[in-house]
Every structure is written in structure tokens, then in C-alpha cells.
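In: this one's sequence-less:
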């Protein structure tokens with residue numbers, strides 16, 4: 001597999017409040033030899049390595065809440081995703097002892113991708 005770079009809440013300090021009903025923005029960063037925009041969105045989950053893991057949020061029209069933007073301003077388009085905070089809490093992925101979240105998924109070329117970032121959980 002490929003160990004990619006993950007940025008939880010780009011520019012926002014990696015802090016999440018479990019009482020929030022919103023979404024947690026997470027960016028999978030492209031690098032010289034890794035194109036984050038070539039991920040199979042349906043394969044992506046984030047979590048704490050214990051089941052169940054949490055998939056990308058869906059819009060009402062059935063599309064994933066994900067977009068391509070250059071989050072870290074290195075000239076490469078990154079994959080920006082949104083995950084439902086309530087779902088993360090209900091799945092046990094966000095709790096008082098959560099210190100990091102791990103993203104897993106497949107690139108369209110079949111490569112298995114994992115990425116991890118630290119997170120601070122507020123209650």
C-alpha cells in the first residue's frame with residue numbers, strides 16, 4: 001500500500017467538537033508520485049481502525065461530499081472530503097480517547113492507500 005499524507009481540518013488546528021452536528025473536513029494530499037484525485041471515493045473510510053469505519057458523507061442527490069482543490073498550495077489538486085461528525089461519534093471513531101484518525105481506501109489503479117493525522121477531540 002501507499003502511505004499518503006492526511007490533513008484533518010486544513011488550516012483549522014485538527015480540533016473537533018463531538019457535540020457538533022456538522023461535518024469534519026479532511027484533505028488527502030497529492031504528492032509528486034501520488035494523485036489524491038485518482039481515489040475511488042466509494043472505497044474511502046476514516047476511523048480508529050476498529051469497525052465500523054465511517055464513509056464520506058453523501059449529498060441528497062447521492063453524490064459524495066468531496067471536491068478537488070489545492071489545499072496546501074503546492075500546485076497539485078488534493079482530495080477534500082467531508083465526514084459526518086455524528087456518524088463518527090456513533091461509530092466510535094471519535095471519542096474522548098481518540099488521538100488520531102486513519103483513512104483507508106483504494107486508488108483507481110488498485111493501489112491500497114492509507115493516511116493518518118492527529119486529532120484533538122472536544123466534548
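Out: All right, it came through fine. Everything quoted here is computed from the prediction, not taken from an experiment.

In: neighbouring contacts of stretch 51-70?
Out: Contacts to stretch 51-70, defined as C-beta atoms under 8 Å, 6 or more residues apart in numbering, come from residues 23, 37, 41-42, 44-47, 76-84, 87-88, 91-93, 104. (C-beta placed from N, C-alpha, C; glycine too.)

In: right, I mislabeled it, should have said stretch 6-19
Out: Applying C-beta under 8 Å, 6+ apart, the contact partners of stretch 6-19 are 24-29, 71-72, 78, 80, 85, 89, 94-95, 101, 103, 115-123.

In: state the distance from the most centrally placed residue in the chain to residue 110.
Out: The chain has residue 26 as the residue nearest its centroid, 4.2 Å off, counting by C-alpha atoms, centre = their mean. Going from residue 26 to residue 110 by C-beta to C-beta, to the nearest Å gives 22 Å.

In: residue 103 too?
Out: Applying C-beta to C-beta to residue 103 and residue 110 gives a distance of 17 Å.

In: please say which of the two ends up with more neighbours.
Out: Taking other C-beta atoms under 10 Å, residue 103 and residue 110 do not tie; residue 103 has more neighbours (25 against 7).

In: buried stuff in whatever helix or strand the more buried one lives in?
Out: Residue 103 belongs to strand 100-106 when elements are defined using DSSP states H and E. Buried residues in strand 100-106, defined by neighbour count with 16 or more other C-beta atoms under 10 Å: 101, 102, 103, 104, 105, 106.

In: ditto for stretch 45-57
Out: Residues of stretch 45-57 classed as buried by neighbour count (16+ other C-beta under 10 Å): 45, 46, 47, 48, 53, 54, 55, 56, 57.

In: narrow these to those in strands?
Out: If you go by DSSP state E, those have 45, 46, 47, 54, 55 in strands.

In: mind putting these into TSV with distance to residue 62?
Out: Shown next, in TSV, are these (distance: C-beta to C-beta, whole Å):
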residue	distance to residue 62
45	18
46	20
47	22
54	18
55	13
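
In: farthest-separated two in these?
Out: Across those, the longest distance by C-beta to C-beta is 9.6 Å; it joins 47 and 55.

In: so which residues of the protein form strands?
Out: In the chain, the strands defined using DSSP E lie at 2-8, 15-17, 23-29, 45-47, 54-55, 66-69, 78-84, 100-106, 112-118, 120-122.
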